[in-house]
Each structure stands twice: as C-alpha cells, then as structure tokens.
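1. fold the following.
(3 chains)
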Amino acid sequence: MKSAILFSLRKLFLLIPFLIGITILSFILGIIAPGDPAIVVLTMDGITEPTTAELTAMRHAMGLDQPYWTQYGKWLLHAVSGDLGNSYVTGKPVLGELMRRLPVTASLAVCAMGWVVVFGIPLGIWSAKNTNRGPELVLRIFSLLLISVPGFWLAIILMLVFTEELRLLPSSGYGSEVQMIMPSFVLASGTMASVLRLQKTTVTETMQKPFVLTGQAKGLPLNHIMWKHVFPNSVMPVITMMGTFFGSVLGGSVIIEDLFSIPGLGSYVLSAIWSRDYPVIQGYVIVSGTIFVVFNYLVDLSYYALNPSVRQEEES
Amino acid sequence: MRTKLGQLHYIYKLAIIVVLSIILCAVLAPWIAPYDPYQVSIDEILQHCSAKHWLGTDALGRDLLSRVIYGARTSVAFAVAVALCTMLVGVSLGIAGGYFGGITDRVIQCLVSMIQGLPGMSMMIAIAAVLPENDFRLIIAVTLTSWAGFSRIVRSEVIRIKGETYVEGIKSLGAGNRYILKEYVFPNILPVIAVLLTLRIGTSLLSASALSYLGLGVSPPAADWGVMISDARTYFRSYPVMILAPGIGITLFSLGINLTGDALCELLSIKKGPENKEM
Amino acid sequence: MNAMQKKSFFITLILLAVSLTAVIISLPGCKKQSVSEDAEIILAAGRDLSPGYKDPYFSTVILKTWEPLIAISDDGDIEPKLALSWDSNESRTEWLFHLRKGVTFQDGVPFNAKAVVENFKRYSHMGYRPSSFYGFAIERVYPGLLKAEAVDEYVLKLTFKRPVPMLIYRMAGWGSAMFSPHCFNADTGDFISTAMGTGPFYIADRKDNEYTVLKRYENYYGVKAKAKSVRIKVIPSPETRYSAMKSGEVHGVIDLGGLTPILARELVKDERFACNAAKSTISHYLTLNGRRFPFSDERMRIALNLAIDREKIVKHYFCGFGTPTMSFLNSTNPFTKVYPPYTDMEKAKKLASDVLQGRRQKVKFLLHQYGVSRYPYKIISEFIQAELRPLGLDVEIVMVDNQASRKTMQRGEFDMSIGTRGLPNLDPTWLLHEFFSAEGGMNKSSSFGYYNPVIENCFAQLDYTYPIPERARLYDTIIRQLLIHPAVVPLLEDTNLAVYDKRLGGYKAITYGITLDKVHWIRKDEAGQ
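-> Sure thing, here's the model as predicted:
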C-alpha cells in the first residue's frame, strides 16, 4: 500500500515540469504570432480603421505594452488562481467559456468511445477467432479503410448521404443524441478500426500463452478460458489506447466540431485561432493539456493497480 | 519467420502496386496530365465528365483529371517531406535519448510527453496559423507536433539493443560510441524505422490535407487534394466528381501505405504497435 | 464454428442490434412535424447575432429587437422611427428631435426624452466599443457633441461644438439605437440584463454562440410581428447551413453571406425552397498598393480597372446575384449614382505594356480568411490571377488570416487584395474621407498612397457646405474623380439573398437583413390561393 502511495505521488510530482512547459509553450505561441491583438479588438467589424491614439490606449488597456516576462508572470499568476483572462473578441472570461464547453466535447468523446467499445472490441475478438476467413478479410480491409479516410471528407460525405439525401440525421448542433451520431462516428472511425486491430492481435497473442494451454489441458471449457483468462489479459493495451484516444478527442476534435457546428472546445479554439484570440488559445492549451495529463495519470494508476508486472518493476 | 516478397498476400501486392503507381503518377505528372492544370478557361467552367475532360472541369474551367494528377504530386510530396522530417527529428532524438540516457534522456522524454500531451490537431493548426505564409509552414507544423511518437519507439528499440549482451560485450572491449551506433544500433533499428516511416507517410498525408483543407496549406492555384476538397464544397452536390476524386485519391494512397506498412512488417518480421489517426 | 465462437458472434450481433435500435428509437426527433401557425420558426445564421452584454447593441439590427431614432428604410433611405421629425438651427449646431409618443420598451419602461438622454449618457461613457457588426464611438456619429437634454417630455435637444450637417444620415441605423435605461449601466456602457428595445421582437432566451430565441412583443406600437416565436441557430459553416436547410432543421438563413449564391442556386433546385434578393449595402473591391511598383503608376491602376471582367465574376461566382460596378460608393446610398463598368482589354494591355516596358511583373495578392469564409473570394482571386496574365502580371496568391493581412497591408508588403465594404449609416463623408483623403486612416493603413488635389479640395468644401444638394454634388465629384484617377478597383455590389422554406410567407430580403417581422407560417387556406 505504501508503495502505491509513493508511486502515485512520484508520478504526480513528475507532472509539474510538464505543466510549466505547457504554459510557456502556449505563451510563446502568442508571442511569435504575427498580428496585433489590439488591432483585432478594434477592427472586429472589418469596417473601422483605428487611430494611433485608440490603438495605444487599447494596447495599454490590454497590457500589451509591458515586457514579455512581466506579461507571462502576470498571466501565470492569474492562471494558477483560476483566471485565464478575458477573450479579446467577446470580452468574456476564458475559463468560464472553456468550462461551459468542456461537457459538450466530453459528451462527444463519450459517444465516440461508445462506438469504439461497441464495435472495436467485440469485432476484434471475433476477428481473432476467425482470422483469415472471408468475412474477416473484408472486415480487415474495411477497418484499414476507416483508418485511411480523411475525417473531414468522411464527414462531408456522411452529411450528404444521411442528412441531405435520406434526411435521417440532423446536420449539426448539440443537445440531442441523434445529433451526436455522425460526428462521434467520424471521430471514432480511425480509433474504432485501430482498437479492432489491436484487440485482435492481443487476443491472438494471449491465446498462444502457456496458461491457456494449461487450462485446456486441465479440461476447462474454452469459453471459460476465453472470458476468465484471455480477455482480461488482452484488453489492457486496448484500454491504454482508449484512454489516450479519449484525451485526444478532448483536444483534437477541431475540424469535426466546426463542420457539425458543435459548440465544444474544438470549434471555440478554431475560431480563436482565426481571430488571434490569444487568451482563448492559451487557456485552451492549458486546459486540454491538463486534462490529457490527468487522464494519462489515471491510466498509469489503473495500470499499476491492475497489472502486477508494473508493480514489480516499480518496486525493484 | 520472414516472409518473402513472393509469398505476400495478394492484397499486399495490390497495395504496393497502388502506392507505386500513385507515386509514378506524381512524378510523371507533366507527361501524363492531359491538360495544363492551371489553364483557366472561363468558357468551359463546371463541365461534367466528357470525352474531352474525363472528370469534367472545375469552377474556373480547369481540367479536373489534370488537377487530380498534379494534386498527387503536391500531396504526396508534402506527405513524404513531412514524414522524412519527422523521421529525422524523431530518430535523432530517440537515439540520443535511448543511447546516452541520463539528463539528455530526461529532457527529451519531458519534451516527448509534452508534445504528446498537447492537443495534436489544434496545436498543428495554431502553429501553422502563426508561421509566415509559405509552403514550409505546413511541414514545420506537422513535424513539430508528430515527432514524439516516432522518437519514443526508436528510443525503446535503442534501449533494447543497448541491453543486448553482445553490445555490452563489445563495449567492454573498448569500442567507441560512434562505432557501436554505426555498426550495431543503427542497422538493428533500421527495419523499425522503415516501417514507421512508411506508416508516417500515410498519417502525414491525412494531417497535411486537413491543414490544406483549412486553407493553411499551399497557395492557390496549386492543386492539392486537401485544397481541392475544400474548393469542391460549394459545388459537389451537382458535381460529385469534384469532391470524390481527390478524396478517393487520399484514401487510396493512405490505405495503400497502411497495407504496405503491414507487408513490410511481415517481410522484416516486426511486431507492429497500434496506429493512430490524427483527426 | 464451435460453441464459443458462436456465442461471441451472437454477442456481437446483439450489441450491433442494440445500438441500431438505439439509433432508430432516437430518430423521431428529426421527423417532419406538422406546422401550426404559432410553431417556432427556426433560422440559421453564421455568427452569433446577439453577442450580448459587451456589445454596443447587444444584438444585430436585423433581429428587430431594438429600434433607432432614425432608421434606414428597406430601400436604403432615411426613415423616421423613434424620432418622428427634426429640425436644426442655421449653423447646424443645435438639433431638435420630436419623439414618437405612446411607445414603451419591452420591459414596460415608457420611451421618452429622459430615456433617450440616458442612452446618450451611455454613448458618451462607453468610449470606443468594438462590435462584430459595426464598432461604435460617439465621436464618429456625434462629433463634438456638447449636450443631450430633454427640453420637453418628447423633445430631445442635441448641442454641438461644430456644425454637423450630415447628422441625420449618421444617426440612421446603428448610430441611434435606443434601449430601456433599466437594462444598461450608463457609466460603463455594459448591459446589465438582456437588452430591451422597442422593436417588434424581444429576446426571450439566448445562449452564446448557440441560439437566440425571439418572441413577439405584444405591446409593440406599430404593426405587430406576425410570427410568435423565432429561433436563430448559430451554424458557422455555410455548407452545414445548406445541409440544415435541406434536412428541414432550419427554415431559412439570415445575415450577411448567409448562403452563398452558388449554394442558394443549388438549394432552390429543390422545390421546397425559394429565394429572393435585394440590393445589399455591401460592395466588393480590390485594394491596390499605390506605394510600390507597378500600382504606384496610375496607368497600371487604370489598366486593371479596364481589364477585369466584372460581368463574368457576377455571372459565374455570384450566379448573377450582384451588380457589376465601377463606382466606389454603393448604389443603395442616397448620395451616389450608378456608373456601369466597361472593359477594354486592348487599351488595358497597351497601358500595362507602357508601364512594364515588355517585362513581366510579379504581384502579391493578399487573400484573407475573413473574406474567404464568407464570400467566393478564393475562386475570384484565381479568376483575376488568370485575367491579369495577358497584362504581363504574374499574380501570386497568399492566403493569410485577417490580422496578418492588416499588418502586411500597413507595411505595404503586398500589391493587391480583395475587400468588403459596408456602411454603418448613410453618411458617405466619413467613408470617402477614410479612403481617399491624404489624411484618411484607410488610405494610410492600406498603403493606397493616394493623393488627389481635386478630392482634397472637395473635402475642404464639405467642411463648410451645409445644404444637402450641394453636398451631393461634391460627393459626386469625388466619385467621378475616382473613375478618372482610380485608387482601388470596385468590383461589384452584393445582393442580399433570402433563402427560405416555401411554407413560410413574408420572407423578403431587404438591403440589410430580411423582413423578419413579416415572416410567418402560411396557413392552409392561404397556400391554396
């Protein structure tokens, strides 16, 4: 038990330089960017041309006339106390907006995960047992196809078929389950196929392990071996992969959210990128980076809890 | 057990042929393309498939088939360039970290986990948007965000090889680092690099076309599959070929690359890790 | 198949079936509902049309939630709204406005001169307020305002330092929006609750960047809105707006660039939809860098004006929805005349070769994200690229985001660019001055490098010319000077397209927005006629 606490504390400690790195990185991003945020604010309508006096006043109001280190220090202090600044464009607090949008993206990620769990894992097991048969070959090609197709293109084609032609699914928006079907499928497509392939490989490998043979020799029913021994042993790498996937959806569904008009983190940051809304971009990088780190941390911990070999490695 | 080229499944053979022929198309574009892909002819805009224009024309009257062929050139060239850059960065940092260990390794590992912890696609877009507008920004943006996975695998391979008894033996005989790296480590990780590079070309193509699609890729009028899809969005309902042709191009090439990667694994008898797709 | 394989196969099948049924069960959500008269009308817009508390107007004028003292009529002229009449002293420094009686704000507060004075207090305290519609600064609309006072319950008096002859034209539209004094803080300019105006609709609910729900204001003083409830959904991508129309999720699109002409044409191929158009206040034009070769040479600018075939641009990329123009000022403005464009390729080539002396010249065409996402600018730039090749110009198109493009233009590191121009009110003075006066902000920041003594003289005269007809002549002189000595290349005047579900009636495009207060579901008996 003591070692478990030590393990989790040490892992936690390792996160600190990482988080500082992320903040510096996201701050640098704002600095090397061309364009002046003060001009962004003053010319939102695309019509007015600010005078030099207006510009200087706005730059001062936004704190842009201070040296970079001061800007970074101030920003970091605020960030630690939970204030990520206000959006240049809307003037609203960034953290509030990110937190408001986080559940949207999270539910999208959950739906995508649903596809992966419902199709990826069972089909992977099925493939392992039917390897090299006709249907399995078709499935293999199909899953590779899902990995190979560009997501944005798949989204457009699906929208054409299911929304415009068949009028079965809504094109966009957020709020009901049906609206999630298409975007989550597109998001999940690649990972679904990857998980399928991975599950297949791990099951095949585990079935060749000696304990399976021993079990068979003992006369245990194959089903029993399958569910009690093979499955738990083969599913570990898959869970890791899905953990990573969940984190990456939280921070990577940019184009899909934009295409399907989902008011999540991705569409927020994309519009922020176009309008050079640095506080939003920086806040987003920090929040999604932190989420990803926390997820990996949890995956590590569960690994530790579930997998004896990791424990031994750590203890030795 | 190694598989010989001739023993490969016919699907793998087919895939290799597809990949090679797309690359051939890209290289020979000026000789195969029936028309100049940049030739605007306002009297021939938005034509359907015909004997004259096999795939029809776009909104500026440019021949679509020629643009798809030239698009292969841009897209594949970018994918390969990005994959090579990623490999260069990933392999050198992977070897450096894995072989020398210590503080170098710590720093590199911290960088790796940072890159992998950041939201890949949005970082890619942000970097591309921040860089000055030229054709290299795409390469830089994708490379910066995707070398980490590469280096992580190379590192663990290097550590494995370094731990082998024969390497330790040679070291005790007084062999220099350079010698060991050149004679033992590098040749041994070469197959892994080959597979990773091949697969990376596929993912690079997807990432690069996503950026092009967002308007962060090549400048007009250059033909590029991602750009062509983006351009076709207004028209594709009446002219489906406009969006299908480049999309199928990307899918076919990336599918072919993935299968080729699998085939390489069999040929070089390597266990392959899971692939991941950038959204 | 052995037993175990069978079992897991069945499990897979069951899982498949379960997820499929889940999909099917949740489907009725998007089935077609029968339309009752009071059913909510759902429209799509590309951006949040009610950005809220920090915005100077809370919501765009096209939602008809607030009204100005003086409005822009559907055909683009001034229209008395909350101010019924006005007059001024001889020197145009004191203005009296007679306000409409019997008007109440949507929160029940009566509209009178006191409420207007509160609004002016807000104007003067909020400084420059950026907006995604039109930024507001009191100095731009009411230059040199000394005092706004209520001389009677329904009479407002404005006193200025200097004469403001064009005041009425400046106030029209965005310049004189009126809100209930209870919903804003006059000292900061921020709204403290949902803005309450006097318009036929009020904002019943809204969520940032997601939707705005409008409800009919039953105590409206004029003709009440026909629809009981309208929901405006934010759908940023034009293609997705198209898909949403097609699937019946939304019944129409509003706001600028709502549906590109090409998508609109595609949509009306489906007989469920219809489309009408009205002239828009938006113009498209090419900016030229007059500070560096080749466009520093006036002959090259003239050549460009003669070479570009605007008819073809309108025909192919705006599907005919647009008016080719050579005049800088949009024809919806009361002070402009239409100067139809003409092309003369031979003359253009001659002028260009005089300038270039037979050499070929590289020019950098800046294309910014802002425009590309709303208008077919990318394809137009490629078209122009091809059109200019015979002139000896090799156009290199560079795509940048809006901000980078501003900076590049300011530094003069470009040769040409494409832009959009609208007018927040009806006074052309400010716009013309910004662009073509040697002192103009736009002239400087976009590197026009334009100086025209005749135009400078006109601006000098405008400072002390008060009668409107005389001013109109001066504006016309400026416009004609620009035809002879061009600074920019006007391309076309945009068209406002209203694309809608045919079950809706009263859906008409106007110069800015649609006739939202007249939109309604068509009753069955009405549909038969």
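2. give me the element the nearest residue to residue C:265 once chain neighbours are set aside is part of.
-> Distance criterion CB to CB, 6 or more residues apart in numbering or on different chains; nearest residue to residue C:265, sequence neighbours excluded, is residue C:319 at 4.8 Å. C-betas here are computed from N, CA, C, even on glycine. Using DSSP states H and E, residue C:319 falls within no helix or strand.
3. who's in contact with the nearest residue to residue C:294 once chain neighbours are set aside?
-> Closest residue to residue C:294 apart from its sequence neighbours, by CB to CB, 6+ apart: residue C:300 at 4.5 Å. Neighbouring residues of residue C:300 by CB atoms under 8 Å, 6 or more residues apart in numbering or on different chains: C:294, C:351-352, C:355.
4. please apply the same query to residue C:291.
-> The contact partners of residue C:291, by CB under 8 Å, 6+ apart, come to C:412, C:447-449.
5. quick one: pLDDT of the closest residue to residue C:48 other than its chain neighbours?
-> Leaving aside its sequence neighbours, residue C:48 sits nearest to residue C:209 (CB to CB, 6+ apart; 4.8 Å). Note on residue C:209: pLDDT of 79.
6. can you list the low-confidence ranges for the stretch 1-150 of chain B?
-> Residues of the stretch 1-150 of chain B that meet the criterion pLDDT under 70 lie in B:1-3.
7. which residue is the nearest non-sequential neighbour of residue C:111?
-> Spatial nearest neighbour of residue C:111, chain neighbours left out: residue C:103 (4.0 Å); criterion: CB to CB, 6+ apart.
8. got phi/psi on that neighbour?
-> phi -110, psi 140 (degrees, to the nearest 10).
9. got the contact list for it?
-> Going by CB under 8 Å, 6+ apart, residue C:103 touches C:82, C:110-111, C:198, C:221.
10. local confidence estimate at it?
-> 93.
11. now swap in residue C:428 and tell me
-> pLDDT at residue C:428 comes out at 88.
12. and for residue 133, the neighbour number?
-> In the absence of a named chain, chain A is used. For residue A:133, the count of nearby residues is 11 (other CB atoms under 10 Å in any protein chain shown).
13. ah, no, chain C please
-> 24.
14. check whether the helix or strand hosting residue A:146 contacts chain C.
-> Taking DSSP H and E as the criterion, residue A:146 maps to helix A:134-148. No - using CB under 8 Å from any CB of the partner chain, helix A:134-148 never reaches chain C; the gap is at least 10.2 Å.
15. can I get the CA coordinates of that helix in CSV?
-> What follows is helix A:134-148, C-alpha atoms only, in CSV (Å, rounded to 0.1, in the frame of the first residue of the first chain):
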residue,chain,number,x,y,z
GLY,A,134,-13.7,-14.4,-45.9
PRO,A,135,-15.7,-12.1,-43.7
GLU,A,136,-12.7,-11.4,-41.5
LEU,A,137,-10.7,-10.3,-44.6
VAL,A,138,-13.5,-8.0,-45.6
LEU,A,139,-13.6,-6.6,-42.1
ARG,A,140,-9.8,-6.1,-42.1
ILE,A,141,-9.9,-4.1,-45.3
PHE,A,142,-12.8,-2.1,-44.1
SER,A,143,-11.1,-1.2,-40.8
LEU,A,144,-8.0,-0.2,-42.7
LEU,A,145,-10.2,1.9,-44.9
LEU,A,146,-11.6,3.7,-41.9
ILE,A,147,-8.1,4.4,-40.7
SER,A,148,-7.1,5.8,-44.1
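16. can you tell me what sits against the host helix or strand of residue B:17?
-> Using DSSP H and E, residue B:17 maps to helix B:10-27. Helix B:10-27 is contacted from outside by A:137, A:141, B:32, B:69, B:72-73, B:76-77, B:249, B:252-253, B:255-260, B:262-263, B:266, using CB under 8 Å, 6+ apart.
17. which of those residues count as buried?
-> Listed as buried from the contacts of helix B:10-27 are B:69, B:72-73, B:76-77, B:249, B:252-253, B:255-260, B:262-263, B:266; burial here means 16 or more other CB atoms under 10 Å in any protein chain shown.
18. check those residues one by one and keep those near chain A.
-> Among these, chain A is touched by B:252, B:255, B:257-259 when using CB under 8 Å from any CB.
19. any idea which of these is closest to chain A?
-> Chain A has its nearest neighbour among those in residue B:255, at 3.9 Å by CB to the nearest CB.
20. the stretch 51-200 of chain C: helices as residue ranges?
-> C:113-125, C:138-141, C:167-171 (DSSP state H, counting those that start in this stretch).
21. out of those helices, nearest to chain B?
-> helix C:138-141 (31.6 Å).
22. avg pLDDT for that closest one?
-> When pLDDT is averaged over helix C:138-141, the result is 86.
23. what residues sit buried inside it?
-> For helix C:138-141, by 16+ other CB under 10 Å, it's C:138, C:140-141.
24. could you do stretch C:182-197 as well?
-> C:183-184, C:186, C:189-191, C:194-197.
25. check contacts around residue C:50.
-> C:58-60, C:63, C:65, C:203, C:206, C:212, C:232.
26. er, residue C:482 I mean
-> C:327-328, C:436, C:455.
27. farthest pair within those?
-> Farthest-apart pair in these is C:327 and C:455; separation 14.5 Å (CB to CB).
28. quick one, which of those two is more surrounded?
-> Per other CB under 10 Å, whichever of residue C:327 and residue C:455 has more neighbours is residue C:455, with 25 against 21.
29. right, and the more buried one touches residue C:439 too?
-> No - taking contacts as CB atoms under 8 Å, residue C:455 lies outside contact range of residue C:439: 11.4 Å.
30. tell me which residues in stretch A:83-98 are buried?
-> Result for stretch A:83-98 [16+ other CB under 10 Å]: buried residues A:84-95, A:97-98.
31. same thing with stretch A:198-217?
-> Neighbour-count burial for stretch A:198-217 flags A:198-204, A:206-207, A:212, A:215 (criterion: 16+ other CB under 10 Å).
32. any stretches of chain C with poor pLDDT?
-> Residues of chain C meeting the criterion pLDDT under 70: C:1-35, C:257, C:402-403, C:524-529.
33. got the domain ranges for it?
-> C:66-183, C:201-278+C:497-521, C:279-494 (automatic domain parsing).
34. how far off centre is the longest one?
-> For domain C:279-494, the distance from its own C-alpha centre to the chain's C-alpha centre is 18 Å (CA atoms, centre = their mean, to the nearest Å).
35. end to end, how far does that domain reach?
-> With CA to CA, to the nearest Å as the measure, domain C:279-494 spans 7 Å from end to end.
36. for stretch A:219-234, same thing?
-> Using CA to CA, the two ends of stretch A:219-234 sit 22 Å apart.
37. picking up where we left off before, just the contacts of helix B:10-27: which are in helices?
-> If you go by DSSP state H, the contacts of helix B:10-27 have A:137, A:141, B:32, B:69, B:72-73, B:76-77, B:249, B:252-253, B:255-260, B:262-263, B:266 in helices.
38. residues near residue A:71, how many?
-> 17.
39. cool, residue C:165 as well?
-> Using other CB under 10 Å, residue C:165 has 22 neighbouring residues.
40. quick check, the helix or strand in which residue A:107 is found touching chain B?
-> Element membership for residue A:107 (DSSP H and E) is helix A:94-115. No - contact of helix A:94-115 with chain B (CB under 8 Å from any CB) is absent, the minimum separation being 9.6 Å.
41. wouldn't residue A:108 be in contact with residue A:182 here?
-> No - if you go by CB under 8 Å, residue A:108 and residue A:182 don't touch, sitting 10.9 Å apart.
42. in terms of neighbours, single out the busier of the two.
-> Shown here are residue A:108 and residue A:182; by other CB under 10 Å, residue A:108 has more neighbours (27 against 24).
43. list the contacts of the more buried one.
-> By CB under 8 Å, 6+ apart, the contact list for residue A:108 reads A:180, A:183-184, A:187, A:249, A:253, A:257, A:262, A:264.
44. those in strands, which ones?
-> Judged by DSSP state E, those include no members of strands.
45. looking at pLDDT only, which of those scores worst?
-> residue A:249 (73).
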